[in-house]
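# I need the structure of the sequence given here:
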Amino acid sequence: MKKHLKTLLIVFLISSGIQAQGLLSKSETHFSRQDSLRGSITKERSWWDLKHYDLTIKVNPADSTITGSNTIQYKVLQPYKTMQIDLQEPMKITKVTQDGGALKYKRDGNVFYISLVSAQNKGELKEITIFYQGKPKIAVNPPWDGGITWKKDKNGNNFIASSCQGLGASVWWPNKDHMYDEAEGIKISVNVPGNLTDVSNGRLQNVKTLKDGTKTYTWAVKNPINNYGVNINIGDYVTFSEKYKGEKGDLDCTYYVLKDNLAKAKEQFKDVSRMLKAFEHWFGPYPFYEDSYKLVETPYLGMEHQSCVTYGNGYQNGYLGRDLSGTGWGLKFDFIIVHESGHEWFANNITYKDIADMWIHESFTNYSESLFLEYYYGKEAGLEYVRGTRKNIQNDIPIIGHYDVNSEGSGDMYYKGGNMLNILRQLVNDDAKWRNILRGLNSTFYHQTVTTKQIEDYLSQQSGLDLNPFFNQYLRDVRIPTLEYTVQDNTLKYRWTNIVAGFEMPVKVSLNGKEITLKPKADWSEFNNDSKIEKVEVNKDFYVLSKNVN
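Numbers count the residues shown, from 1 in each chain. All right, here's what the predicted structure looks like:
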């Protein structure tokens, strides 16, 4: 939920500003070498395939430090002697070992280049261990400006959590910090003061009490996981659980909350089973049965950490008690439970390769909120909700960002993206088929990292529509398509304006209360009605403008 509720994204442009056609020129945005090292698949990354992480850390609340190690298992794809590992300043690597020997390394900003003793053989399975320490960046405004949150609960106990989507997981642990290559599994061992509990991804393997009174919690994830989805949550937790009878059998659902909030949580968290029922209907089985589902209270709003969704919405419906749609429907559910859990399908199951394609996470998950409402309150409720969110659209810069430099696009990936998908549903014009397309996305790209092109191609193929101009319009342009029309007696002339090349989207229009489908182009077309046209209305589920130019 990296950008949610940033209703005004401040974009600094050079004096020429936004180009006349509404697109942001790549030449107008400047990126550093560090941006490229972070956001591109460098030669020091591409030669090895990440297999598994074994992360072992000690969290020290007294001085806000983390110390530990990460053993990285990888497969050699091509012989090479230099490995890129990411760890952001001011954190530092203290030692690197492989096969019992120490390796040399050098730092370049947030990147460490590790020199291997010799180029390794293609197909080999190898391990390297990174030892590190330091004070990770403190989260300023989590989860948007993330890092580690160091707070105390109202009883004076430490309350600590990580959140790092845009910033990157390397803000607090060393890893291959690019989304294209996910670990196939991870073990996370977190040592904390003895009065506290750590909750991380996957299933709890064991808890060990050390001689100094501290405790180490070890968790294991069996499924592929993206780096920013790995998290730590440390507090004076109590827990309760239930089993959800889902499409793949019993799903273990476990909840961790601060002691004083137990009664409220037992009531509010009933939305979890409601969410699971609705989303398994629309999207298919929850993608991580093997790793369970957890909802964990945190000292910030919330985040979609895989199998360990975090929650800080104050045990109330809406978004901190507010309805983002202004329709009333947004107060029928706990926004953080529904939205952040929706990311288990779109973000954690289907994951972007490059953050420029973040819409794949956020547009579908924004749209999932309306599908949740539709499942429980009817189709019109869901449609009213998604239409209501249009008031939050900025149309500032394109939804798709700049590739290979860790650059997100516009925050419109939420509300505009959700409305774009709602339009696509109208174009498919078959609700059963639409549901199958959504479920098919999650089965076809199960546990995969993907590009925008893969998703666009899939939607085009499954819908039987040429959607290339449609996606160019809504993802790569900021203009709202405008249906211009004139009326003379029973003749309607119409065309699209404010459009990209080739945009010919059909649109449903009501003439005198009777709905028809028009197929406008950039040039004028004509429709002859069987009676004098008194009133023209564009179907409100199309995010377009209309203009009578008589």
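
# next one: phi and psi at residue 365?
phi -70, psi -40 (degrees, to the nearest 10).

# swap in residue 408?
Torsion angles, degrees, to the nearest 10, at residue 408: phi -80, psi 160.

# I'd say it and residue 359 touch.
No: contact criterion C-beta atoms under 8 Å: residue 408 and residue 359 do not qualify, at 9.5 Å. To be clear about C-beta, it is placed using only N, CA and C from the backbone, and glycine gets the same treatment.

# and residue 418, backbone torsions?
phi -60, psi -40.

# neighbour count: residue 408 and residue 359, which is higher?
When residue 408 and residue 359 are compared for neighbours, residue 359 comes out ahead with 30 against 21, by other C-beta atoms under 10 Å.

# the nearest residue to that one once chain neighbours are set aside: what's it in contact with?
Of all residues beyond its chain neighbours, the one nearest residue 359 is residue 413 (4.1 Å), with distances taken as C-beta to C-beta, 6 or more residues apart in numbering. Neighbouring residues of residue 413 by C-beta atoms under 8 Å, 6 or more residues apart in numbering: 3, 358, 359, 362, 363, 366, 399.

# let's verify residue 131: helix, strand, or coil?
strand (DSSP: H, G, I helix; E, B strand; the rest coil).

# so it makes contact with residue 91?
No: assessed by C-beta under 8 Å, residue 131 is found out of contact with residue 91, at 11.6 Å.

# which of those two has more neighbours?
Set residue 131 next to residue 91 and count neighbours by other C-beta under 10 Å: residue 91 wins out with 20 against 15.

# what's the separation between the more buried one and residue 231?
Distance, residue 91 to residue 231, by C-beta to C-beta, to the nearest Å: 17 Å.

# ditto for residue 405
25 Å.

# between these two, who's got more neighbours?
Set residue 405 next to residue 231 and count neighbours by other C-beta under 10 Å: residue 231 wins out with 25 against 22.

# can you pull the pLDDT of residue 19?
Note on residue 19: pLDDT of 30.

# ok, residue 28 next?
54.

# what about residue 426, how many residues close to it?
Neighbour count of residue 426, defined by other C-beta under 10 Å: 17.

# in three-state terms, how would it be classified?
helix.

# all strands of the stretch 151-300 of the chain, in order?
For the stretch 151-300 of the chain, the strands defined by DSSP state E, counting those that start in this stretch cover 158-163, 186-192, 197-199, 203-209, 215-221, 233-235, 237-246, 249-258, 293-297.

# residues making contact with the fifth one?
When contacts are taken as C-beta under 8 Å, 6+ apart, the neighbours of strand 215-221 outside the stretch itself are 185-194, 196-210, 291, 306-307.

# report the central residue of this structure.
Centroid check for the chain by C-alpha atoms, centre = their mean gives residue 361 as the closest residue, at 3.8 Å.

# what helix or strand is it located in?
helix 359-377 (DSSP states H and E).

# who are the packing partners of that helix?
Judged by 3 or more C-beta pairs under 8 Å, 6 or more residues apart in numbering; DSSP states H and E, the packing partners of helix 359-377 are helix 271-283, helix 335-342, strand 350-352, helix 379-388, helix 415-428, helix 452-463.

# got CSV for those, with mean pLDDT and distance to residue 322 too?
Listed next are these as CSV, based on pLDDT from 0 to 100; distance: least, C-beta to C-beta, whole Å:
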stretch, mean pLDDT, distance to residue 322
helix 271-283, 98, 16
helix 335-342, 98, 8
strand 350-352, 98, 28
helix 379-388, 98, 12
helix 415-428, 98, 14
helix 452-463, 98, 30
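
# and of the ones you listed, who's closest to residue 69?
Smallest distance to residue 69 across the helices and strands packed on helix 359-377 (C-beta to C-beta): 25.8 Å, for strand 350-352.

# helices and strands around that closest one, which ones?
helix 359-377, strand 448-450.

# out of the ones you listed, deepest packed?
Burial of the helices and strands packed on strand 350-352 is given as mean neighbour count (mean count of other C-beta atoms under 10 Å); helix 359-377 ranks first at a mean of 25.

# mind checking how far the closest residue to the residue nearest to the centre of the chain other than its chain neighbours is from residue 360?
Nearest non-adjacent residue to residue 361, counting by C-beta to C-beta, 6+ apart: residue 347, 4.0 Å away. Using C-beta to C-beta, we find residue 347 at a distance of 8 Å from residue 360.

# check residue 160 too.
Relative to residue 360, residue 160 is positioned 30 Å away (C-beta to C-beta).

# again with residue 219
Using C-beta to C-beta, residue 219 is found at 27 Å from residue 360.

# what of residue 425?
In this view, residue 425 and residue 360 are 17 Å apart by C-beta to C-beta.

# equivalent analysis for residue 87, please.
27 Å.
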